[in-house]
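Enquirer: with the sequence up front, the predicted model follows.
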Amino acid sequence: MDPERDVTFRPLACRSIQVGLSGVAVTQGLLGDWIVKIEDFTALATEIGELVVEGRIDEAEEKFPPERPYEYRDEKTRSACQASPLPQEEA
């Protein structure tokens, strides 16, 4: 699934990044001991897809794994990444 689209492929109001791995990230990370856990979501994705085809969008969205925004350690890091501040929640 495209991380910037909903289950019906409409664009979302958020942006994401996709990171490719190479070099030491592959040799020590992917092939070494950096990876803690890898999960196969094929069955879940199939179930979500079937719910979407049936028009059961709310049920499909309830099955999504939880996501959370990346939190910068400090404002200097946010500025280096040219990231906008997160919108404040309304009271």
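Expert: Arrived safely.

Enquirer: assign the residue nearest to I35 when sequence neighbours are not counted to helix, strand or coil.
Expert: Leaving aside its chain neighbours, I35 sits nearest to G29 (6.4 Å; criterion: C-beta to C-beta, 6 or more residues apart in numbering). Backbone N, C-alpha and C define where each C-beta goes, glycine included. Under DSSP: H, G, I helix; E, B strand; the rest coil, G29 falls in the helix class.

Enquirer: count the neighbours of G29 for me.
Expert: Summarising burial for G29: neighbours were counted as other C-beta atoms under 10 Å, giving 13.

Enquirer: same question, S16
Expert: S16 has 11 nearby residues by other C-beta under 10 Å.

Enquirer: which phi and psi does it have?
Expert: S16 has phi and psi values of phi -140, psi 170 when expressed as degrees, to the nearest 10.

Enquirer: my guess is it contacts E4, does it?
Expert: Yes. Under the criterion of C-beta atoms under 8 Å, S16 makes contact with E4 at 5.6 Å.

Enquirer: can you pull out the helices in this protein?
Expert: Along the chain, the segments classed as helices by DSSP state H run 24, 42-53, 57-62, 75-80.

Enquirer: which among these is found nearest to I35?
Expert: helix 24 (13.5 Å; C-beta to C-beta).

Enquirer: what's the average pLDDT for the closest one?
Expert: Helix 24 shows a mean pLDDT of 81.

Enquirer: check which helices and strands it is in contact with.
Expert: In terms of contacts (3 or more C-beta pairs under 8 Å, 6 or more residues apart in numbering; DSSP states H and E), helix 24 is packed against no helix or strand at all.

Enquirer: now do that helix: distance to the chain's middle.
Expert: The chain centre lies 23 Å from the centre of helix 24; the measure is C-alpha atoms, centre = their mean, to the nearest Å.

Enquirer: what's the answer for stretch 36-47, then?
Expert: Worked out by C-alpha atoms, centre = their mean, stretch 36-47 lies 13 Å from the chain centre.

Enquirer: what about it, start to end distance?
Expert: 26 Å (C-alpha to C-alpha, to the nearest Å).
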